[in-house]
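>>> My questions concern the predicted model and sequence given below.
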Amino acid sequence: MSQTNDHFSTVARQYAEARPTYPDALFDWLADVSPARGQVWDAGAGSGQASLALAERFAQVRASDISAAQLASLPAHPHITTHVGVESGLPDGSADLVTVAQALHWFDLDAFYAEVRRTLKPGGVIAVWSYGLLRADDDALTEAINHLHNVIVGPYWPPERHEVENGYINLAFPFEQIEAPVFRMTAQWDLHRLLGYFRSWSATARMEKATDENPIDGYAPILQNLWGNPDHVRTLTWPLMVKAGQVTA
């Protein structure tokens, strides 16, 4: 089973600190639709944001990722074990739930889905989700963020980024689908936190490597002019798109 290149090890610390958080309602729903609350495989776990939330609801969580640096950012938790690699490392038919948070687009889907079917119990659930570009509580600020994302660092996004923004609508999902509720992510951030988030983008790291300049440093004054006092807290919203399915016997 293969996975594309690791785009995040070089920004692992920033990634762990800067990501917006998924809503509790998502994980409550996953716990409700799973056949039991035993074993979860969180594939492409990164710094473990989803893993930690799952560990509050399930007895065991296996967090896997190809990036050891990312997994090293995951705080220790008695319900979580980590695995560096693309497979789960779990026995056949041992998992109640498989999750993929903002990472499905990096996977070799045929190989991954074969591992999902091997790992899940009959009736087990797979849930994948992604979140798109954020909106601010001000139209001009939102437009400036769109410009940063699409134009300034736009050429440096990996091609797979398009799959994130369209909610994986074009990616195969060969499972008996379960209708998911509508979820959204919100955050109350000051400008410093938002700039940290932008610095954690894989496109930012790729642009900096190519040009020897951090694009966020140059763009920050434009954002601050629209934001006002950088310590002022604003409401930010991300669309959260969830696909879920069940493995039938």
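The structure has been received and is ready for your questions.
>>> And the helices in this protein?
Secondary structure of the chain (DSSP state H): helices located at 12-18, 24-33, 49-55, 68-72, 109-119, 139-147, 161-165, 191-199, 202-211, 215-227.
>>> Relative to Gln177, which of these is closest?
In terms of Cβ to Cβ, the element of those nearest to Gln177 is helix 24-33, at 11.7 Å. C-beta here means a position set from N, CA and C on the backbone, and glycine is covered the same way.
>>> now for that closest one, which elements pack on it?
Judged by 3 or more Cβ pairs under 8 Å, 6 or more residues apart in numbering; DSSP states H and E, helix 24-33 is in contact with helix 49-55, strand 120-131, strand 234-246.
>>> and for the shortest one, what are the contacting residues?
Applying Cβ atoms under 8 Å, 6 or more residues apart in numbering, the contact partners of helix 49-55 are 16, 19, 21-22, 24, 27, 30, 40, 42, 45, 61, 63, 74-75, 77, 79-80, 97, 99, 101.
>>> Next step: the residues you listed restricted to strands.
Val40, Asp42, Val61, Ala63, Ile80, Leu97, Thr99, Ala101 (DSSP state E).
>>> now, which of these sits nearest Ala127?
Thr99 (5.3 Å).
>>> related to what we said a few turns ago, right, so the helices and strands packed on helix 24-33: which one is the most enclosed?
The highest mean neighbour count among the helices and strands packed on helix 24-33, using mean count of other Cβ atoms under 10 Å, belongs to helix 49-55: a mean of 24.
>>> Having no further points to raise, I will conclude here.
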